[in-house]
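Participant: build the 3D model from these lines:
(one chain, ligands or ions: 2)
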Amino acid sequence: MTTPSQYKALFAPLKIGPVTAPNRFFASPHSTGHGWTEPKGAIALRAMKAEGGWGTVAVGLTEISPNSDYANHPMERIWDEKDIPRHHLQVSEIKKHGSLSAIELGHGGMQSRNLTTGLPIIGPSNLSVLRPEIPSQSKAMDLTDIKLFRNEHKAAVKRSLKAGYDIIYVYAAHGLSILSHFLSIDTNKRFDQYGGTFENRIRLLKEILEDTLELANGNAAVALRFSVAEPNKPNGISHEEEGRDAVEALSELPDLWDVNLSGWPKDSQTSRFADEAYQLDYTNFVKSITSKPVVGVGRFTSPDLMVSLIKNRKLDLIGGARPSIADPFLPSKIKNNQIENIRECIGCNVCVSMDAYGVPVKCTQNPTISEEWRKGWHPEMPAISRKKEKHLIIGSGPAGLECALTLANAGHDVTVAETRNEPGGRVAQEARLPGLNAWNRVKDYRVYQLSQKNNSRIFLSSHMSINDIKEFGSDTVTLATGATWRADCVGSTNFEPIETKKYTILTPDDIMLEKFPNSTLNQFIVYDDDHNYMASVIAEKLLNNGHNVTYVTPLPTVSTWTQYTLEQAAIIERLKSLEIKFALNYKINQNFELINTIDNKKLKLTSEHVVIVGGRIPNDQLFSDGQLINTIQNVFLTGDCLVPGTIQASVLSGHQTARKILDRDADILYSKREQTIQ
Ligand SMILES: Cc1cc2nc3c(=O)[nH]c(=O)nc-3n(C[C@H](O)[C@H](O)[C@H](O)COP(=O)(O)O)c2cc1C
Ligand code: SF4
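Facilitator: Ligands and ions are numbered 1, 2, ... in the order given. Predicted coordinates:
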């Protein structure tokens with residue numbers, strides 16, 4: 001297929017110092033959760049991006065030495081010679097597809113944990129380390145320590161060259177680098193040539209860049225990842241002041257500028273809080289200062305926008321971390337004029353949450369991610385099946401659609417029956433809540449793909465009784481009928497139903513279906529015993545409608561789980577700006593009173609309406625009354641109807657169910673594991 005002329009600029013090669021990127025797609029450095037202990041998984045994940053057309057594929061933050069030990073966060077390592085073969089394999093798997101390989105060398109400084117090595121954490125000054133979970137201070141580096149650090153960095157550069165990397169990064173981003181700690185007036189309290197003035201605070205970064213360039217010596221390009229602004233951070237650098245000064249001071253030194261925002265929550269913002277290209281207002285000045293190529297990020301998925309950024313000289317390379325996770329084949333789909341086949345990132349940050357847990361990343365849009373090596377899954381190749389069968393799927397939510405698409409891709413005949421008059425189930429419903437519109441992408445991608453096939457169809461407004469199912473006569477029936485929010489207060493901290501006549505009890509389903517008193521302004525309590533995003537968006541919707549809302553939760557923090565998606569601070573800010581009231585540590589008791597979990601005091605509220613955001617009940621009645629299983633042999637449950645969870649878990653469940661259907665003898669629990677001693 002020929003590349004549409006309007007996108008040709010995205011496929012022009014670009015010289016980066018001594019190397020040439022084959023196109024403008026740059027898979028930005030990101031850890032994959034595999035760390036250095038599961039290299040085969042990480043390598044296969046990155047090789048898939050190269051196969052999918054990303055012209056440059058970067059490895060995530062790689063610890064340069066034992067005193068930059070992030071464990072138990074699984075990072076890459078290049079501590080000594082023994083690490084080289086692993087990196088060498090990674091480089092060759094990326095290069096196999098004609099892509100450049102890049103490594104991001106980093107030292108965590110005051111963000112290190114050093115829990116494995118037990119070495120002192122080092123930094124510019126003797127201060128508490130920047131991790132509340134580590135009750136330690138950093139050793140203020142003396143000039144000998146600084147020299148040692150430079151030598152360690154040089155040694156890591158030499159090892160990276162031996163491994164064959166095309167681009168070697170100096171990392172000064174996210175406030176996660178010792179170089180950022182030297183630059184920051186918060187953490188640098190020195191009085192010597194490395195402290196005080198801007199010129200002194202940036203000295204170490206400049207020296208490290210010069211060391212790296214000298215060693216690379218034209219055999220690899222040197223990139224600098226630099227956060228030009230730290231929005232909302234007191235004393236943070238700004239793109240109008242020291243962020244800009246730094247770019248001016250180092251302007252022609254690196255072969256490639258990779259610019260972004262700091263900290264990580266500002267860099268990897270979710271779609272609820274930031275639109276595509278959200279970083280450009282901060283980063284687009286860089287091209288006007290340097291003649292060197294510039295790569296930037298901002299959840300880019302729109303080819304037209306990408307082209308305009310290149311043509312208007314805002315960026316030279318389109319960086320993508322999450323877009324490359326959601327669709328490793330995004331570049332080749334643009335190249336082959338298959339724009340409508342792109343699985344666009346929905347900006348939910350479930351990938352980030354997995355990385356934060358320290359496990360291989362998972363993705364709402366791409367259920368095959370991290371299973372490339374373990375299970376041999378490929379995002380674009382159909383699952384293998386023995387014989388062609390006829391399948392009925394009841395429910396067109398994320399699990400039902402993914403299950404249907406995986407079966408249809410394998411050439412099977414698939415019918416989806418949906419009770420409602422629109423497809424999408426929970427994603428269609430949730431997408432109408434404030435800030436969650438991008439959830440529709442989960443539905444849109446799959447509905448479109450199914451609509452392009454002769455062997456699949458979706459019937460809307462089609463309620464299926466047991467008799468209907470029997471008459472339909474398929475080889476398998478899969479229930480993907482979702483789950484219903486509970487009104488009885490059973491949730492993550494309470495396991496006994498609680499009832500009341502004192503209040504009107506509502507659930508998120510009622511709010512999403514607009515079944516709540518909305519004509520007059522009311523007082524609402526939103527009781528969060530779910531702890532993900534839902535209670536906060538329900539509160540936001542009610543506040544937007546002018547109601548008074550008190551957010552109550554038995555836990556000590558707001559939307560506790562959203563710390564894993566990096567959204568918690570943004571949620572609190574948003575709700576505060578809408579003048580919500582917070583009541584933390586209050587739990588509903590059996591008399592439906594709100595009791596403080598610390599001092600047992602009762603909370604008096606005037607509200608008549610309580611929205612309970614707690615557990616959900618699987619909609620599995622068709623299965624649980626036994627009739628279906630007595631009638632049909634091959635019945636499967638999938639998604640929330642099997643186990644209520646995240647949308648990502650539903651999509652993965654739908655995918656797993658389809659693979660189980662395609663190979664009924666397969667053990668879906670089985671996957672290869674990386675063994676150190678065999
Ligand atoms: C799971 C995950 C892990 C990340 N790990 C790193 C990392 O190791 N080093 C780094 O510089 N940035 C890391 N990032 C940040 C990304 O490189 C990128 O700057 C950010 O996600 C914004 O780009 P995007 O909108 O294309 O995702 C990570 C991002 C994600 C989603
Ligand atoms: S998990 Fe969500 S944010 Fe991460 S890549 Fe997938 S769709 Fe995008």
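
Participant: count the neighbours of Ile394 for me.
Facilitator: 25 (other CB atoms under 10 Å). Placement of C-beta: from N, CA and C, glycine included.

Participant: these two touch, right, Lys453 and Leu407?
Facilitator: No - contact criterion CB atoms under 8 Å: Lys453 and Leu407 do not qualify, at 10.5 Å.

Participant: compare those two (neighbour count), which wins?
Facilitator: Taking other CB under 10 Å, Lys453 and Leu407 do not tie; Leu407 has more neighbours (29 against 15).

Participant: quick one: that one and Val414 touch, right?
Facilitator: Yes - between Leu407 and Val414 there is a contact at 4.9 Å, judged by CB under 8 Å.

Participant: anything in contact with each of those two?
Facilitator: 391, 393, 456 (CB atoms under 8 Å, 6 or more residues apart in numbering).

Participant: now rank these by neighbours and give me the top one.
Facilitator: Most neighbours among these, by other CB under 10 Å: Ile393, with 32 neighbours.

Participant: where does that residue fall, secondary structure wise?
Facilitator: Assigning secondary structure by DSSP states H and E places Ile393 in strand 390-394.

Participant: now do that strand: everything it contacts.
Facilitator: By CB under 8 Å, 6+ apart, strand 390-394 touches 400, 403-404, 407, 412-417, 464, 469, 472-481, 622, 661.

Participant: what does the stretch 351-500 of the chain put close to ligand 2?
Facilitator: Proximity of the stretch 351-500 of the chain to ligand 2, by CB under 6 Å from any ligand atom, involves residues 351, 363-365.

Participant: tell me the one of the residues you listed nearest ligand 1?
Facilitator: Taking CB to the nearest ligand atom as the measure, Cys351 is the one of these closest to ligand 1, at 4.5 Å.

Participant: what's the average pLDDT for the host helix or strand of that closest one?
Facilitator: Assigned by DSSP H and E, Cys351 falls within helix 350-357. Helix 350-357 carries an average pLDDT of 95.

Participant: what of stretch 378-386?
Facilitator: 89.

Participant: same check on stretch 557-566?
Facilitator: 98.

Participant: ok, that stretch near ligand 2 or not?
Facilitator: No - counting by CB under 6 Å from any ligand atom, ligand 2 is not contacted by stretch 557-566; separation bottoms out at 8.4 Å.

Participant: can you get me a residue count around the residue in the stretch 351-500 of the chain that ligand 1 sits nearest to?
Facilitator: Closest contact between the stretch 351-500 of the chain and ligand 1, by CB to the nearest ligand atom, is at Asp355 (4.0 Å). Neighbours of Asp355 under the rule other CB under 10 Å: 26.

Participant: check Ile310 too.
Facilitator: Around Ile310 there are 17 other residues, counting by other CB under 10 Å.

Participant: let me see the contact set for it.
Facilitator: With CB under 8 Å, 6+ apart, Ile310 has these contacts: 9-10, 24, 316, 318.

Participant: apply 10 Å and report the result again.
Facilitator: 9-10, 12, 14, 24, 316-318 (CB atoms under 10 Å, 6 or more residues apart in numbering).

Participant: so where's the chain uncertain?
Facilitator: Residue ranges of the chain with pLDDT under 70: 678.

Participant: tell me the domain ranges of it?
Facilitator: 16-273, 390-477+630-662, 485-617 (automatic domain parsing).

Participant: of all those domains, which one is nearest Lys292?
Facilitator: domain 16-273 (5.9 Å; CB to CB).

Participant: got the end-to-end distance for that closest one?
Facilitator: The straight-line separation of the ends of domain 16-273 (CA to CA, to the nearest Å) is 33 Å.

Participant: now do stretch 516-530
Facilitator: One end of stretch 516-530 sits 20 Å from the other (CA to CA).

Participant: now list whatever residues contact both of Lys453 and Leu407.
Facilitator: In contact with both Lys453 and Leu407: 413-414, using CB under 10 Å, 6+ apart.

Participant: which SS class is Tyr445?
Facilitator: Under DSSP: H, G, I helix; E, B strand; the rest coil, the three-state class of Tyr445 is helix.

Participant: also Phe226?
Facilitator: Of the three states, Phe226 takes strand under three-state DSSP.

Participant: got the contact list for it?
Facilitator: Counted by CB under 10 Å, 6+ apart, Phe226 has contacts 170-173, 177, 179-180, 183, 205, 237, 243, 246-247, 250, 254, 257-260, 262, 283, 286.

Participant: kindly export the longest helix along the chain (C-alpha atoms) in CSV.
Facilitator: Ranked by residue count and defined by DSSP state H, the top helix of the chain is helix 143-163. Taking Å, rounded to 0.1, in the frame of the first residue of the first chain, the C-alpha atoms of helix 143-163 are listed here in CSV:
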residue,chain,number,x,y,z
LEU,A,143,34.3,16.3,45.1
THR,A,144,35.6,12.8,45.2
ASP,A,145,32.1,11.4,45.1
ILE,A,146,31.3,13.6,42.1
LYS,A,147,34.4,12.3,40.3
LEU,A,148,33.4,8.7,41.2
PHE,A,149,29.9,9.4,39.8
ARG,A,150,31.3,10.8,36.6
ASN,A,151,33.5,7.7,36.2
GLU,A,152,30.5,5.4,36.8
HIS,A,153,28.6,7.2,34.2
LYS,A,154,31.5,7.0,31.7
ALA,A,155,31.8,3.2,32.4
ALA,A,156,28.1,2.8,31.7
VAL,A,157,28.5,4.7,28.4
LYS,A,158,31.3,2.4,27.4
ARG,A,159,29.2,-0.7,28.2
SER,A,160,26.3,0.8,26.2
LEU,A,161,28.6,1.3,23.2
LYS,A,162,29.8,-2.3,23.5
ALA,A,163,26.2,-3.4,23.5
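
Participant: and the stretch 351-500 of the chain, which residues reach ligand 1?
Facilitator: 351-352, 355, 361.

Participant: just the endpoints, please. Distance across stretch 557-571?
Facilitator: Length of stretch 557-571, first residue to last, CA to CA: 11 Å.

Participant: so for that stretch, what gets flagged as buried?
Facilitator: 558-571 (16 or more other CB atoms under 10 Å).

Participant: sort out which one of those lies nearest ligand 2 for me.
Facilitator: Within those, proximity to ligand 2 (CB to the nearest ligand atom) peaks at Thr565, which comes in at 8.4 Å.
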